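Enquirer: Need a 3D model of the sequence below.
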Amino acid sequence: MVNTVDGNRQLEGSLHYDPAAYWCPRCWRFTIDCQHLVQPLETRLVRVDDWLIRAVRYDRERKILEVNLHAAGTYQHFGVSLELALKLVRSPAAGKVYQDTISGNFPFKRVRSSAFSVS
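Expert: Here you go, the predicted structure:
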């Protein structure tokens, strides 16, 4: 039997228990910040009231949609049209629109963990 006090002390610095850590498929390891992460957009942050999405940003010039998910981090999707970005923000079911039309259909990269400060 393991003493839970000692067990908690041993796991204290483990990346596996850090909510900001994730598995980077390119580095092939758990990490918080790696060279494969992209810088966040500096455009206006639009909050979304949805079960899946917390907030979004959009860069019109480069057609990049940045989506902050409640549980899975922040991602930039490339080549997303303005019309599709507006459809996502205006929809009462933004999570469904995201899953059906954006996620899996556009190339994406993960954004650095300090990108959003949404409360």
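Enquirer: And the next helix or strand past the helix or strand of the chain with the lowest mean pLDDT?
Expert: Averaged element by element with mean pLDDT, DSSP states H and E, the chain has its least confident helix or strand at helix 4-11 (a mean of 60). If you walk from helix 4-11 toward the C-terminus, the next helix or strand you reach (DSSP states H and E) is strand 22-24.
Enquirer: buried residues in the helix or strand just after that next one?
Expert: Remark: after strand 22-24, the chain's next helix or strand is strand 29-31, criterion DSSP H and E. Applying a neighbour-count criterion of 16 or more other C-beta atoms under 10 Å, one finds T31 buried in strand 29-31. (Each C-beta comes from the backbone N, C-alpha and C, glycine too.)
Enquirer: Which parts of this protein are strands?
Expert: Under the criterion DSSP state E, the chain contains strands at 22-24, 29-31, 46-47, 53-59, 64-69, 73-78, 108-110.
Enquirer: could those go into CSV alongside mean pLDDT and distance to I102?
Expert: Shown next, in CSV, are those (pLDDT from 0 to 100; distance: least, C-beta to C-beta, whole Å):
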stretch, mean pLDDT, distance to I102
strand 22-24, 72, 20
strand 29-31, 73, 25
strand 46-47, 95, 15
strand 53-59, 96, 10
strand 64-69, 96, 7
strand 73-78, 93, 6
strand 108-110, 91, 9
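Enquirer: ok, and which of these has the densest surroundings?
Expert: strand 64-69 (a mean of 22; mean count of other C-beta atoms under 10 Å).
Enquirer: Just the residues contacting that strand, thanks.
Expert: 40-41, 52-59, 74-78, 80, 84-85, 88, 98, 102, 106, 111, 115-116, 118 (C-beta atoms under 8 Å, 6 or more residues apart in numbering).
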